[in-house]
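# structure for the following, please:
(chains A and B)
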Protein chains: 2
Amino acid sequence: MPEIIRQATPLDVSGMLGLMRELAEYEKLTHLFVATEESLGDALFGPHPAAEALVAEREGNIVGYALYFQNFSTFLGRRGLYLEDLYVQPALRGSGLGTRLLRRVAAIAVERQCGRFEWSVLDWNQPAIDFYTKMGATVMPDWRIVRVTDDALRQLAAAA
Amino acid sequence: MPEIIRQATPLDVSGMLGLMRELAEYEKLTHLFVATEESLGDALFGPHPAAEALVAEREGNIVGYALYFQNFSTFLGRRGLYLEDLYVQPALRGSGLGTRLLRRVAAIAVERQCGRFEWSVLDWNQPAIDFYTKMGATVMPDWRIVRVTDDALRQLAAAA
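As a prediction, this is how the structure comes out:
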């Protein structure tokens, strides 16, 4: 296998940001994409990191990544890992890179004695749903994500 | 208002755990509930906290709580807050306590310059959906939560 999977370093930030833009395009969410090299670098390698990442490197280029952070389940009383992004460039889909990235994050979850490993998927993204299901994951039918942003968040906060 | 909302302390762990059991019953998820005072105390007040909590106190009893932790949006390049649990005892529903707890967590999110405040809801829990929508939140129609636990997680990790 010519690809190497390893922990991201500050030198990977620029390459990862390029892939994040590609992912936003695939998910039809470019209007939400406002991350910069600075914000990503701070989140991963600043004094108070908010996330961690693995990258897939091929011939010196970053061709895929997995970005994750810790969460917590009240019911289990245990920490978990949440996978915010999993991305492999289209030309390399089917090469097993996505599987390898997902397994590596699962291995980190087990090492850390996490009770769960979770992420989200768009309900129209059937290739992804099929892939995750094949890997042993369960797509929860009945939970919905609720979100407050921008003005609505400031209004909610101002009433506190 | 006879209820006080404040940051949880180690003395609240026992009361919070009782409410968490009630929430698990309401969500029909008691089979998943394995948290203990020890695990909750460690998560909130141990050397490496995984979550934070607000409690609603009335006449010396904990009658509601909000438990939350930090997450991260790649697209925004910013941290967010994720509300894992929001619970108010049935006898006090409609008293405004849930609203006050939600607003307080939103205020913490704004203080910390978070880009988002998020949580999850069961799609059959219409009273909760109506409440959140009234507060300015959006229920995302197309995202689904994917989860790997227990044996499936160990198998996925073992193949890494």
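
# in contact with residue A:157, which residues?
Residues in contact with residue A:157 (C-beta atoms under 8 Å, 6 or more residues apart in numbering or on different chains) are B:103, B:106-107, B:109-110. Yep, even glycine has a C-beta here, placed from its N, CA and C like the rest.

# same check, this time on residue A:156
Contacts of residue A:156 (C-beta under 8 Å, 6+ apart): A:148, B:102-103, B:106, B:117, B:135-136.

# related to what we said a few turns ago, ok, and of the contacts of residue A:157, which contact chain A?
The subset of those within reach of chain A, by C-beta under 8 Å from any C-beta of the partner chain, is B:103, B:106-107, B:109-110.

# going by distance to residue A:73, which of the residues you listed wins?
Set against residue A:73, the nearest of the ones next to chain A among the contacts of residue A:157 by C-beta to C-beta is residue B:109 (20.5 Å).

# mind listing the strands for chain A?
Here chain A has its strands, by DSSP state E, at A:3-7, A:52-58, A:61-73, A:78-88, A:116-122, A:138-139, A:143-149.

# got a list of contacts for the fifth one?
This points to strand A:116-122. A:27, A:71, A:73, A:76, A:78, A:80-84, A:86, A:105-106, A:109, A:128-129, A:132, A:139, A:145, B:142-149, B:153, B:156.

# how far does stretch A:39-53 stretch from start to finish?
When the termini of stretch A:39-53 are compared using C-alpha to C-alpha, to the nearest Å, they are 14 Å apart.

# would you mark the buried spots in it?
Residues A:39-44, A:50-53 are the ones in stretch A:39-53 that count as buried (16 or more other C-beta atoms under 10 Å in any protein chain shown).

# could the contacts of residue A:157 go into a markdown table alongside neighbour count and pLDDT?
Formatted as a markdown table, the contacts of residue A:157 follow (neighbours: other C-beta atoms under 10 Å in any protein chain shown; pLDDT from 0 to 100):
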| residue | neighbour count | pLDDT |
| --- | --- | --- |
| B:103 | 19 | 97 |
| B:106 | 27 | 98 |
| B:107 | 18 | 98 |
| B:109 | 27 | 97 |
| B:110 | 17 | 97 |
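
# pull the contacting residues for residue A:5.
Neighbour list for residue A:5: A:54-57, A:97, A:100-101, A:104 [criterion: C-beta under 8 Å, 6+ apart].

# restrict those to those near chain B?
A:100, A:104.

# and the furthest pair within the contacts of residue A:5?
Across the contacts of residue A:5, the longest distance by C-beta to C-beta is 13.2 Å; it joins A:57 and A:104.

# what about the residue nearest to residue A:56 when sequence neighbours are not counted, distance to residue A:81?
Nearest residue to residue A:56, sequence neighbours excluded (C-beta to C-beta, 6 or more residues apart in numbering or on different chains): residue A:64, at 3.7 Å. Relative to residue A:81, residue A:64 is positioned 18 Å away (C-beta to C-beta, to the nearest Å).

# and for residue A:71?
Distance of residue A:71 to residue A:81, computed by C-beta to C-beta: 7 Å.

# that's all I had, so thanks and see you.
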